[in-house]
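K.L.:
need a structure here:
(one chain, ligands or ions: 2)
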Amino acid sequence: MSIPLRNTTSRYGLVSQAFHWLIVALILFQYTWAWRIDQAEGIRMRFELVTQHKTIGMVVLGLALLRLGWRLFNRPPALPDGMRGWERWAARAGHWGLYVLIFAVPLTGWLYSSAAGYADFWWGPLSFPSLVEPSEVLEDRLQLVHQSLAISLGLLALVHALAALRHHFINKDDVLRRMLPSWQSKD
Ligand code: HEM
Ligand code: HEM
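P.N.:
Ligands and ions are numbered 1, 2, ... in the order given. Model prediction:
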């Protein structure tokens, strides 16, 4: 049986899964790149890595937009019956928190680059404009905001991943499997 493209009542479809795991992979890259930027020796190397960091980040922003559009017309499967009220609330709040952060982190990166005078970037025919006038004060503040939001995203994603593993190994329900392509449901 092939995996449906759209979500069903019991599992995520292929499109939602692809968005989820692609964005996870790119975000993991982003932390590695932030670390590599920090370790980089030489201005050229640093510039190249920052440019790659911005490119990957703008791809995340584009994917987040497409993902949100898909999500608005594709209800996720219901949470398992056995979950308590506060667990359902925490799961929903956590998911929406993650949705907000996959927009907020790249957007603040773009704002930060604009304030630093390094927006107006490129991409073949695509160019991204400066969102604000360059300003040192704003640059410092936006760096802090970008950094804090990126840390919040990492922490929330960690709690979220641990919750998914708890569902799988302790509750022994289908929550993790229905986000994986190998699992076949009956519908
Ligand atoms: C999901 C997307 C993104 C994640 C997870 C992310 C994460 C991070 C992290 C963890 C840092 C290091 C913070 C620090 O120690 O100061 C950083 C730095 C930075 N980010 Fe992002 N970022 C993302 C997207 C973007 C985008 C879209 C842009 C710009 C268009 C951007 C521009 C920057 C810049 C300029 C730095 C400073 C690099 C340096 O140290 O010179 N980021 N980002
Ligand atoms: C940066 C990392 C991550 C982000 C931003 C993220 C984001 C999200 C979001 C927004 C949803 C809700 C989907 C929707 O309602 O349309 C979701 C669901 C899910 N995520 Fe993640 N996720 C991340 C990492 C992980 C990891 C590492 C795992 C596994 C260990 C995981 C497992 C799941 C599962 C199983 C669901 C489905 C939950 C359910 O059925 O209610 N996620 N994720």
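K.L.:
How about residue 106, nearest residue that isn't a chain neighbour?
P.N.:
residue 61 (4.0 Å; CB to CB, 6 or more residues apart in numbering). All C-beta atoms are positioned from the backbone trio N, CA, C, and that covers glycine.
K.L.:
now that neighbour: how far from ligand 1?
P.N.:
6 Å (CB to the nearest ligand atom, to the nearest Å).
K.L.:
Same question for residue 135.
P.N.:
Distance, residue 135 to ligand 1, using CB to the nearest ligand atom: 15 Å.
K.L.:
Relative to residue 158, how far out is residue 167?
P.N.:
Applying CB to CB, to the nearest Å, the value for residue 167 to residue 158 is 15 Å.
K.L.:
more neighbours, those two?
P.N.:
Of the pair residue 167 and residue 158, residue 167 is the one with more neighbours under other CB atoms under 10 Å, namely 20 against 10.
K.L.:
check contacts around the nearest residue to the more buried one once chain neighbours are set aside.
P.N.:
Once flanking residues are discounted, residue 167 sits nearest to residue 175: 3.8 Å by CB to CB, 6+ apart. With contact set as CB atoms under 8 Å, 6 or more residues apart in numbering, residue 175 has these partners: 79-80, 164, 167-168.
K.L.:
Could I have the PyMOL command that selects the buried members from those residues?
P.N.:
Under the burial definition 16 or more other CB atoms under 10 Å, those of the contacts of residue 175 that qualify are selected in PyMOL by:
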select buried, resi 167
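K.L.:
Which ones among the contacts of residue 175 map onto helices?
P.N.:
residue 164 (DSSP state H).
K.L.:
Let me have the contacts of residue 175 in JSON lines, extended by pLDDT and distance to residue 116.
P.N.:
Shown next, in JSON lines, are these (pLDDT from 0 to 100; distance: CB to CB, whole Å):
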{"residue": "79", "pLDDT": "95", "distance to residue 116": "43"}
{"residue": "80", "pLDDT": "93", "distance to residue 116": "46"}
{"residue": "164", "pLDDT": "97", "distance to residue 116": "36"}
{"residue": "167", "pLDDT": "96", "distance to residue 116": "42"}
{"residue": "168", "pLDDT": "96", "distance to residue 116": "43"}
